[in-house]
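*Asks:* Generate a structure from the sequence data that follows.
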Amino acid sequence: MKDKDSSLATGFRDLDRADISKMMQCLDGLQSLACFQNYKDRTLDLLTGSMEASALDVACGLGDDVVRLKQKFGQAIGLDASAELVAEAIRRHQGEGCEFCCADAKSLPFAAEEFDAVRVDRSLQHIQDPIAVVREMTRVSRKGGVILCAEPDWGTFFIGEESTAMTRAIKDRWIQSFQNPWIGRNLFGMMKAAGIGDLSIETHLLLTTGFAASDLVFDLTKTAEKVETEMGTVAGVSAWLDGYKKSEAIAGVTLIICYGTKV
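*Replies:* Residues are numbered from 1 along each chain as shown. Below you'll find the model as predicted:
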């Protein structure tokens, strides 16, 4: 049996092969960071709702955002391709009035124009053929319904360390790990092509300080290990990690929120 994939960028791409405990630990940790709380608050504010309306969270993970959607919508459904994440979401949120299901985001198991609001958060970066997901989100949205995508643009990723060859190698290796590293800057065009109008864009900086937070979000230790394996630079990687841990350990990326309404 092959070892489970413990890399965040590739693990979220194929959760059936991933170290699911590490993925869950990451998702839980992100919920505690102020920069993540701030942009999530904004995405939920942009989804106008009522107790007569319904909302869908695509690739919902552990379901925390679905619970928050339920506070402003009469019906809130979370969908994810990972059976393990859906099972954990159901276990955690029993009695909250939410619904969860396991399905492929590229083939949503819902009728056309079923939801008043549809969102996806940091998942298109991992999914092959993200435009198919956006088209499905548009299909199941009612006319005039809000459709929102929030994704990082990894072309803006930085590590707050001296710009040495090792820093650049680790940064570039992390970016290359993603299925769609430029998805943030592509959201506007994708959503327009899918039939979404009145589009608006906002940017939010996801900034981490301190090694624990930076490693949690950007998987720097695992990425450095990959550089070590690929380049054979054992001493250089170890020295870089030691130096980074002793620094302010700042790292960040721009997250782009793009939202509009179904025409």
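
*Asks:* which residues sit against the lowest-mean-pLDDT helix or strand in the chain?
*Replies:* Here the helix or strand of the chain ranked lowest by mean pLDDT, DSSP states H and E is helix 234-246, holding a mean of 87. Residues from elsewhere that reach helix 234-246, judged by Cβ atoms under 8 Å, 6 or more residues apart in numbering: 159, 161, 164, 166-167, 170, 211, 220-221, 224-225, 227-228. For every residue, glycine as well, the C-beta is placed using N, CA and C.

*Asks:* Show me how to select, in ChimeraX, the buried members of those.
*Replies:* Typed into ChimeraX, the line below selects the buried ones among the contacts of helix 234-246, using 16 or more other Cβ atoms under 10 Å:
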select :159,161,166,167,170,211,220,224,225,227,228
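
*Asks:* helix, strand or coil for the residue lying closest to Val58 once chain neighbours are set aside?
*Replies:* Nearest residue to Val58 in three dimensions, chain neighbours excluded: Val120, at 4.2 Å (Cβ to Cβ, 6 or more residues apart in numbering). Under the three-state scheme (DSSP: H, G, I helix; E, B strand; the rest coil), the conformation of Val120 reads as strand.

*Asks:* what's Val120 in contact with, if anything?
*Replies:* Asp57, Val58, Ala59, Ala105, Val133, Met137, Leu148, Cys149, Ala150.

*Asks:* Show me where the stretch 101-250 of the chain has its strands.
*Replies:* Listed in chain order, the strands of the stretch 101-250 of the chain (DSSP state E, counting those that start in this stretch) span 115-121, 141-159, 196-208.

*Asks:* so which of the ones you listed gets nearest Thr10?
*Replies:* Of all the strands of the stretch 101-250 of the chain, the one in closest proximity to Thr10, counting by Cβ to Cβ, is strand 141-159 (13.6 Å).

*Asks:* what's the average pLDDT for the closest one?
*Replies:* Strand 141-159 shows a mean pLDDT of 97.

*Asks:* can you give me the helices in the stretch 1-150 of the chain?
*Replies:* Defined through DSSP state H, counting those that start in this stretch, the helices belonging to the stretch 1-150 of the chain, from first to last, are 8-11, 20-31, 34-46, 64-70, 83-92, 130-140.

*Asks:* which one of the ones you listed lies closest to Ile256?
*Replies:* Once Cβ to Cβ is applied to the helices of the stretch 1-150 of the chain, the stretch that comes out nearest is helix 34-46, at 9.9 Å.

*Asks:* Return the entry from the contacts of Val120 with the maximum number of neighbours.
*Replies:* Most neighbours among these, by other Cβ atoms under 10 Å: Cys149, with 30 neighbours.

*Asks:* Pull up the gap between that one and Thr138, please.
*Replies:* Separation of Cys149 from Thr138 (Cβ to Cβ, to the nearest Å): 11 Å.

*Asks:* rewinding a little: how about JSON lines for the helices of the stretch 1-150 of the chain, with distance to Gly252 added?
*Replies:* Supplementary listing: the helices of the stretch 1-150 of the chain in JSON lines, determined by distance: least, Cβ to Cβ, whole Å:
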{"stretch": "helix 8-11", "distance to Gly252": "16"}
{"stretch": "helix 20-31", "distance to Gly252": "14"}
{"stretch": "helix 34-46", "distance to Gly252": "8"}
{"stretch": "helix 64-70", "distance to Gly252": "22"}
{"stretch": "helix 83-92", "distance to Gly252": "26"}
{"stretch": "helix 130-140", "distance to Gly252": "23"}
